[in-house]
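Trainee: kindly generate the corresponding structure for this input.
(3 chains)
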Amino acid sequence: MKNVGQAIYDLAGKLFPICRSITGNGFRQSLEMIREVVPEIQVFEVPSGTQVFDWTVPKEWNINGGWIKNKRGETIVDFKDCNLHVLGYSVPIHRMVSREELLEHVYTQPDQPDWIPYVTSYYKERWGFCMSERQKQTLNDDEYEVCIDSTLKEGSLTYGELILSGETEDEIFFSTYLCHPSMANNELSGPCVQTALIKYLQSLPSHRYTYRFVFIPETIGSITYLSRNLDMMQRHVKAGFVLSCVGDDRTYSYVSTKYENTLTDRVLENVLKFHYPNYIRYTFMKRASDERQYGSAGVDLPVCAFCRSKYHEYPEYHTSADNMDLISPKGLQGAYEVMVKVINALENNYYYLMTCKCEPQLGKRGLYPTVSQKGTYDAARVMQHFIAYADGKNDLIGISNILNIPIDELIPIKDKLMAHQLLSVK
Amino acid sequence: MKNVGQAIYDLAGKLFPICRSITGNGFRQSLEMIREVVPEIQVFEVPSGTQVFDWTVPKEWNINGGWIKNKRGETIVDFKDCNLHVLGYSVPIHRMVSREELLEHVYTQPDQPDWIPYVTSYYKERWGFCMSERQKQTLNDDEYEVCIDSTLKEGSLTYGELILSGETEDEIFFSTYLCHPSMANNELSGPCVQTALIKYLQSLPSHRYTYRFVFIPETIGSITYLSRNLDMMQRHVKAGFVLSCVGDDRTYSYVSTKYENTLTDRVLENVLKFHYPNYIRYTFMKRASDERQYGSAGVDLPVCAFCRSKYHEYPEYHTSADNMDLISPKGLQGAYEVMVKVINALENNYYYLMTCKCEPQLGKRGLYPTVSQKGTYDAARVMQHFIAYADGKNDLIGISNILNIPIDELIPIKDKLMAHQLLSVK
Amino acid sequence: MKNVGQAIYDLAGKLFPICRSITGNGFRQSLEMIREVVPEIQVFEVPSGTQVFDWTVPKEWNINGGWIKNKRGETIVDFKDCNLHVLGYSVPIHRMVSREELLEHVYTQPDQPDWIPYVTSYYKERWGFCMSERQKQTLNDDEYEVCIDSTLKEGSLTYGELILSGETEDEIFFSTYLCHPSMANNELSGPCVQTALIKYLQSLPSHRYTYRFVFIPETIGSITYLSRNLDMMQRHVKAGFVLSCVGDDRTYSYVSTKYENTLTDRVLENVLKFHYPNYIRYTFMKRASDERQYGSAGVDLPVCAFCRSKYHEYPEYHTSADNMDLISPKGLQGAYEVMVKVINALENNYYYLMTCKCEPQLGKRGLYPTVSQKGTYDAARVMQHFIAYADGKNDLIGISNILNIPIDELIPIKDKLMAHQLLSVK
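Mentor: Numbers count the residues shown, from 1 in each chain, chains lettered A, B, ... in the order given. I've put the predicted structure just below:
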């Protein structure tokens, strides 16, 4: 597992320079690069103008470049240097503008004066530039030449989907978004960790659950996807995770489902409390990514968001400082490992029931010390506790919570008891 | 709403001098003065001796006067000065008594030596006088002339009832008691605030609930009323409030229903936590007014008591110090406003359900900012939260509790969403 | 009740010298001594080799003596001095052994160097001696003569059972174990307190519940007993108690049932919180006696363990220091009194329902003060609270918990209300 983090990081590095948006060639190109790792991902195109629930798939946006020059022909900002410089979904423009007009179209983050903010205007047609507050302070000329070489036309919204069939139709759902331009934690970490999870599942000889993975643009993508798959998902999805901001080293966190009572919440809280006891738990009131749609009224899917430093909660969020230095192989690997533990917990999460009444005689099977004296019992105690709570009333997550012992350590115990025909699945 | 408090206070002032008891002309006269404000209130008379559940309607008590004089003809105490001086329901007497005999019939509150206590003996025939402890200390003569000019005869118990029919048969119940002589917080505040609430409801173009108001004598009155209306009330009453001690400025409080789980508890706690976060919550163990009967075994109506400084819990309670200086227009108005908020919350308390799947596109309806940047969303956040929890699982009180936003602020949001056909009532 | 503690203590003193084990004549002899007090106890013998669920009844162990001598014929340790000196279930041996070999068969408790530990090897055939760590340090000779005059042969496991039929088939179950050699708190206290409880129940004119008492060897005894009685017990047992370590003065404690939600937990917690508010509550994770079997998966009987200083939790546990000085008549009596209170609580634990609507008029029945003034009500308040909660929704334990008043004090109130036909059993 050691090299997984590096591989995830390298994939993110390859994807980083591309200018992505919720539609367009940047998204397509990025998805193709992921398909070089997982060719089985299917690509879907949904035409502009398609009605998706209360929304409409927008025009497709593409951009070749953009810049501001002063009258002396000196470049002030250039899309080539950083694709955050152009307002996301900006309409094309090429003309001289007064300083006053320009400033109305310049977006900065004044409280973080050295960083370029990430700003978009998907649903109202605007043109604009983003730059650091310090750079804005230098705009002292009367006139500037502005150029945004973009197109906003009928086209389509692109997304990728992969379904790995399991032994049952019950599904575990993973969703991540690939619509952000050059930012690393939010959001290349999610698609890249998800790609590694697909490889992990493909490496297993079999799995109980069917796994559904989507790579979508945020919000409009999840709405579009749900508009095409809602019935099926409401029937089958047992747990789901939005992977977002899973690349840094600072913490672990998660946004619970609306009522905090689903299998998703149970498994993720269980894994996190042993993996990183100081993890941060946000309520659904703090949702802001696709879990908004998955948990919306009438959709009601059991989907949470899993993060390391969560969107909105770290200083570099939605700025040029969210770059490849912010994430690390170790950070990505940590998120990957949590999700692998989640998958293993889910795969083993049955209601267990002992096959014998009363405690079994562990001693005759070599599972228990044969001399009884104060202090000699502790080693076998966990197995005895497992046995006591394997009464058909608790699933594995429940037993782990009661015993306060990680599922990873309970699985070998369960396997031993099954090997001795002492345990059955209810 | 500004002048409501003054109007309530003025009505209390008019009623204050009358000597009321659980039966008799004082109660009738007081009810008539309230009927000058709300003529629609119906008056009922229940004959003495009527069996009401385990109780019997007592004889009717009336009093013209009462005094103690010393042998020199000097008046020691006189009913004309304060109608608390005569023990409530005292039998008539007029003769010379020894100091020793008199003292056996004198009631004081030794720990509050300047105040005259309010004492009654409804269910055992006695004569007696109440006075301040200091006055009692001056009774040094050998003999006194005592006179109580009262009658205790077959008659009837009087109560008032008003039913304001709503769009449904579901009822909200208000109960207050009018049986106390000259005391202001306990208890002219309750009947006078209730009178204002009736005026408020009569001013509405329509209301969903049917409202049932009663003006009764305490305990025997609620038992009598229940003995005649229990079946109907058990079928229809969804929430109910005993209004008692609602006139001072010191705090807000309420006595919960027995199991603290009714609509009554939910709505009142919700309103109070925003109106006056430091309100005091008493359990049913602290009940002592008509909520005792409404919540008794076999009656089990969802009725709590709403108070400002609660009976038994403020020093002036049941003494001559509970006078018109203790209550204020502002204090009465505060209680009135809480009850108006309760009524509005109940009238709007439906289970709401979004009509679309996924979040609606608020932007196209002008309900959402169109440029997305860190920090621009907060204004629309409350509406988004409302939308998320309008999933058919929460009533308006529930949504208010989850969002920690007063119902008053949610009603306009709900109205906007309904106007856009985005919201329905489940 | 004063002399009960002394009688229990005296019985324990008579039993103390006998060397008991999970089978054999020591157990039989001890049971016979208890049958001198309660001749109705029935004795059962279960042959060695009988399959009992996952276990097999072991060979019967008997012992006549055992010692270690040095080459000079001086006795080092002797079973006659303390029957803990021989490893429980030790196989016979009589030969010279080297110091090294001997030390491999010597058990001590190094952290309690003056005490002889209690050690057994029921399910693997071994020989061994137990001694204090200090004594072990003196074993400096090259060779020793060791002798254990024991037999381990086909025989039987012995247990005692007494069923006291009540008015219903619903059962209360008591279990205690008689398999420990000369130790007092753990475990002569349990059988001796249980004997006194039988006498108590036999002294009652009648009882509602059927009471089932067993005197068994620990673990194998409860498994054996369950293998013969499980169906009946699952049908009838409503509450059950393992009596263990109920003889000292230091505290009270109990080990809850697995899910802490049974009648057993409710009644014992209720009684203990008034009897000894600082009692210690252990979760099922701390179980270690026969409650393990009664609460095991597939058995699931509502049985807790009741203790004063619990096994494993006091320093003298399973050593020679757990002697007749550790327990006391007062300590035993305290445990006895708790169990008597538990029995009385259970016998009276019905759902009560008032026969009248609204509060009854207590005054006309002499149950209430007739003059109403601040401060005069408190005496009748408990009865009023009882009446309010006697609404068919609470059993007596529930009412006691809500009112925070011991059941002992509620029973006379209930009796008064029943005598006045104001109360019925639901």
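Trainee: just for chain A, where's the confidence low?
Mentor: A:1-2, A:369-379 (pLDDT under 70).
Trainee: ranges for the helices of it?
Mentor: Here chain A has its helices, by DSSP state H, at A:4-15, A:25-35, A:99-104, A:133-137, A:189-203, A:220-236, A:263-275, A:291-294, A:329-347, A:378-389, A:396-403, A:407-419.
Trainee: can you tell which of the ones you listed is closest to chain C?
Mentor: The minimum distance between chain C and the helices of chain A falls on helix A:378-389, with 6.3 Å, by CB to the nearest CB. The way it works is simple: take the backbone N, C-alpha and C, and place the C-beta from them, glycine included.
Trainee: which helices and strands does the closest one pack with?
Mentor: Using 3 or more CB pairs under 8 Å, 6 or more residues apart in numbering or on different chains; DSSP states H and E, the elements in contact with helix A:378-389 are helix A:396-403, helix A:407-419.
Trainee: that older thread, want to throw the helices of chain A into CSV with mean neighbour count?
Mentor: Shown next, in CSV, are the helices of chain A (neighbours: other CB atoms under 10 Å in any protein chain shown):
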stretch, mean neighbour count
helix A:4-15, 19
helix A:25-35, 20
helix A:99-104, 13
helix A:133-137, 15
helix A:189-203, 22
helix A:220-236, 19
helix A:263-275, 21
helix A:291-294, 27
helix A:329-347, 21
helix A:378-389, 18
helix A:396-403, 21
helix A:407-419, 17
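Trainee: could I get the helices and strands packed on helix A:378-389 as CSV with distance to C:Y294?
Mentor: Below are the helices and strands packed on helix A:378-389 laid out as CSV (distance: least, CB to CB, whole Å):
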stretch, distance to C:Y294
helix A:396-403, 18
helix A:407-419, 21
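Trainee: to B:P92, which of those lies closest?
Mentor: B:P92 lies closest, by CB to CB, to one member of those: helix A:396-403, at 73.5 Å.
Trainee: list of residues touching the closest one?
Mentor: Outside helix A:396-403, the residues that touch it by CB atoms under 8 Å, 6 or more residues apart in numbering or on different chains are A:263, A:266-267, A:270, A:345, A:348-350, A:352, A:382, A:385-386, A:389-390, A:394, A:406-407, A:410-411, A:414, C:285.
Trainee: please apply the same query to stretch A:416-426.
Mentor: Contacts for stretch A:416-426 (CB under 8 Å, 6+ apart): A:350-356, A:360, A:365, A:367, A:383, A:386-387, A:390, A:392, A:414, C:54.
Trainee: residue of the stretch 101-250 of chain A nearest chain C, please.
Mentor: The minimum distance from the stretch 101-250 of chain A to chain C, using CB to the nearest CB, falls at A:R208 (23.2 Å).
Trainee: ok, that residue to A:G166 distance?
Mentor: According to CB to CB, to the nearest Å, A:R208 and A:G166 sit 5 Å apart.
Trainee: so which of these two has more stuff around it?
Mentor: The residue with more neighbours, out of A:R208 and A:G166, is A:G166; 18 against 14, by other CB atoms under 10 Å in any protein chain shown.
Trainee: surely A:E260 and A:T283 touch.
Mentor: Yes: proximity of A:E260 to A:T283 meets the contact threshold set by CB atoms under 8 Å, at 7.3 Å.
Trainee: center of chain A - which residue?
Mentor: In chain A, the centroid-proximal residue (CA atoms, centre = their mean) is A:L243; its distance is 1.1 Å.
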